[in-house]
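*Asks:* Provide a 3D model corresponding to the input given below.
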Amino acid sequence: MIGAPGEIRTPDQLVRSQLLYPAELWAQGEEYSQVIITGHRSIRLFFLIVYPRQISAIHDAGLCDLLRLEFRKDQGSRLKQNIKSQASNQNTAFSAGLRPQQRRSLEIMGWIVLSLLIITGLSSVIGRASFLNDAIAVAPVDPILEFGAFDSRYYTNLAATVLHLLPGLLIFILGPIQFMPNLRKRYLKWHRISGRVYVASGFTGAVSGFVIGTIDPFMGFTGQGFNEAMATAFLSAYVFFCLTMAIYHIRNKRIGLHREWMIRGFALMTAIATERLLLIAFQATLDVDIGILFGTTFWMAAILNLAVAESWINLTRTPGNGAAHWKDLDRRAKSA
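*Replies:* Predicted coordinates for the structure are as follows:
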């Protein structure tokens, strides 16, 4: 009799299994589901034998699918929390101790040195352009006799020289702007446009420099001339490689690696200014002809600039994919 004392209100097992079991089995279902969903086949078989009605009810009510979904959501949430926790720990370690002060101090020193290199590079470009203007006006019959072996090759390779000077001018102007984070954040479109012009200038300057330095080295193709040609070939090829890698990584959204290869490329392209300063220093202290010094100082400038660039990259490489700028991480750590 339905509703009789001591009896249940729904004695029909079919009705009871469909209506009441889902609500009654939520607590049991959560316990069983962890084993049912993730357990070994033998464990699942054990539960099917020992608790057939409960498992059947869970399955009929669709609780397995629901619990499986909840379990996956919980696992995903825990994974995200672990990733965030690891990233937070890495960021804290990055800005720990005296490293923020070191980065800030070295940045100030770096901009001072870079300013000197830019002034030297621009002076060299302007001086070479002025020489070409005068040389074209003179139109000498024998350029070597008129200008000497060093300067005459710029006149005899006029097209390559022009394609070297104009990109060089753009590189020394646009290069430093590319590495200013505040300008990059505020004017991202300008950063991208100027970056394309900068990279195109770098490729053009590398190829034209290769032509001038390897096809017509002013000391010939033996001895110091060969040394100069090899230094020029290395510098040009590695600049080309650095810019190619920078493009590859930014197209794949790897901002940190893009930044690193751009730093290496810029360090090599400003090596010409470092070489000019080394030449001035050596000629002022040593009684050595420029022909002997030119190739050697080229190697010295390239190695010195690359060493400084790698040191700066290692000091400012941020955790993860490097998308976060080191200044932002240091600023957050300071305000925390």
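*Asks:* now do stretch 318-329, average pLDDT.
*Replies:* For stretch 318-329, the per-residue pLDDT values average out at 78.
*Asks:* what about it, start to end distance?
*Replies:* Across stretch 318-329, the straight-line distance between its terminal residues is 8 Å, by Cα to Cα, to the nearest Å.
*Asks:* show me what counts as buried in that stretch.
*Replies:* Taking 16 or more other Cβ atoms under 10 Å as the basis for neighbour counts, the residues of stretch 318-329 that come out buried are 318, 319, 322, 324, 325, 326, 327, 329. Bear in mind the C-beta positions are built from the backbone N, C-alpha and C, glycine included.
*Asks:* what is the nearest of those residues to residue 102?
*Replies:* Closest approach between these and residue 102, by Cβ to Cβ: residue 326, at 11.0 Å.
*Asks:* right, and that closest one touches residue 313 too?
*Replies:* No - using Cβ atoms under 8 Å, residue 326 is not in contact with residue 313, being 10.6 Å away.
*Asks:* name the nearest residue to residue 277, sequence neighbours excluded.
*Replies:* Spatial nearest neighbour of residue 277, excluding adjacent residues (Cβ to Cβ, 6 or more residues apart in numbering): residue 120 at 5.9 Å.
*Asks:* tell me who's in contact with that neighbour.
*Replies:* Neighbour list for residue 120: 273, 276, 277 [criterion: Cβ atoms under 8 Å, 6 or more residues apart in numbering].
*Asks:* show me what counts as buried in stretch 94-109.
*Replies:* Judged by neighbour count (16+ other Cβ under 10 Å), stretch 94-109 contains these buried residues: 94, 95, 99, 100, 103.
*Asks:* over to stretch 239-250?
*Replies:* 239, 240, 242, 243, 245, 246, 247, 249, 250.
*Asks:* verify the stated contact: residue 321 with residue 258.
*Replies:* No - in this structure, residue 321 is not within contact of residue 258 by Cβ under 8 Å, at 10.1 Å.
*Asks:* now residue 328. Its backbone dihedrals?
*Replies:* Backbone geometry at residue 328, expressed as degrees, to the nearest 10, gives phi -60, psi -40.
*Asks:* next one: it from residue 334, what distance?
*Replies:* Computed as Cβ to Cβ, to the nearest Å, the residue 328 to residue 334 distance reads 11 Å.
*Asks:* go on, residue 280?
*Replies:* The gap separating residue 280 from residue 334 is 41 Å, by Cβ to Cβ.
*Asks:* residue 114 now?
*Replies:* Separation of residue 114 from residue 334 (Cβ to Cβ) stands at 25 Å.
*Asks:* residue 94 too?
*Replies:* Residue 94 is 12 Å from residue 334, by Cβ to Cβ.
*Asks:* tell me which element the nearest residue to residue 169 once chain neighbours are set aside is part of?
*Replies:* For residue 169, the nearest residue in space outside its immediate sequence neighbours is residue 125; the separation is 5.2 Å by Cβ to Cβ, 6+ apart. Secondary structure assignment for residue 125, by DSSP states H and E: helix 99-138.
*Asks:* and that helix, what's buried?
*Replies:* Applying a neighbour-count criterion of 16+ other Cβ under 10 Å, the buried positions in helix 99-138 are 99-100, 103, 114, 117-118, 120-121, 124-125, 128-129, 132, 135.
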